[in-house]
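Novice: make a model of this:
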Amino acid sequence: MMIITNKMGQQEVYDFLKKHKGKWYTSKEIANGLKASVGSVTTCLQKLRDGSDIDFEFGKGIGLSRKNAYVYRFKR
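Specialist: You can find the predicted model right below:
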């Protein structure tokens, strides 16, 4: 039996945000959009943040039930 796994990395997260320019996303929303685990997406987001490749804010207040969550978007 062959098990096929979808490898997800920084490029997929970056491409997702680039495709949806201008919109803020939580890591959970990105994970759902990519059909990936939140942990994998969070790791990729941290690396993209460290490289200044994406914008992020804390508690943006964009209708989130939790105001203490980070949100991310493609850097313009």
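Novice: top helix in this structure by residue count?
Specialist: Of all segments of type helix in the chain, defined using DSSP state H, the longest is helix 38-50.
Novice: now do that helix, average pLDDT.
Specialist: Within the predicted structure, the mean pLDDT of helix 38-50 is 93.
Novice: off-centre distance for that helix?
Specialist: Between the mean C-alpha point of helix 38-50 and the mean C-alpha point of its chain there is a distance of 7 Å (C-alpha atoms, centre = their mean, to the nearest Å).
Novice: what residues sit buried inside it?
Specialist: For helix 38-50, burial by neighbour count (16 or more other C-beta atoms under 10 Å) applies to 40-41, 43-45, 48. Heads up, the C-betas are built off the backbone N, CA and C, glycines and all.
Novice: redo those residues as JSON lines? Include distance to Phe16.
Specialist: Conversion of those to JSON lines gives the following (distance: C-beta to C-beta, whole Å):
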{"residue": "Ser40", "distance to Phe16": "13"}
{"residue": "Val41", "distance to Phe16": "9"}
{"residue": "Thr43", "distance to Phe16": "15"}
{"residue": "Cys44", "distance to Phe16": "10"}
{"residue": "Leu45", "distance to Phe16": "11"}
{"residue": "Leu48", "distance to Phe16": "11"}
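Novice: what about the strands in this protein?
Specialist: 54-58, 70-74 (DSSP state E).
Novice: of all the ones you listed, which one comes closest to Asn32?
Specialist: Comparing the strands of the chain against Asn32 with C-beta to C-beta, the closest turns out to be strand 70-74 (13.7 Å).
Novice: before we move on, the earlier item: just the C-alphas of the longest helix of the chain, formatted as PDB.
Specialist: Once non-C-alpha atoms are left out, helix 38-50 reads as follows in PDB (Å, rounded to 0.1, in the frame of the first residue of the first chain):
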ATOM      1  CA  VAL A  38      -1.900  24.500  11.600                       C
ATOM      2  CA  GLY A  39       1.400  23.500  13.100                       C
ATOM      3  CA  SER A  40       3.000  23.200   9.700                       C
ATOM      4  CA  VAL A  41       1.600  26.600   8.600                       C
ATOM      5  CA  THR A  42       2.700  28.300  11.800                       C
ATOM      6  CA  THR A  43       6.200  27.000  11.300                       C
ATOM      7  CA  CYS A  44       6.300  28.400   7.800                       C
ATOM      8  CA  LEU A  45       4.800  31.700   8.800                       C
ATOM      9  CA  GLN A  46       7.500  32.100  11.500                       C
ATOM     10  CA  LYS A  47      10.200  31.600   8.900                       C
ATOM     11  CA  LEU A  48       8.500  34.000   6.500                       C
ATOM     12  CA  ARG A  49       8.200  36.600   9.300                       C
ATOM     13  CA  ASP A  50      11.900  36.200  10.200                       C
END
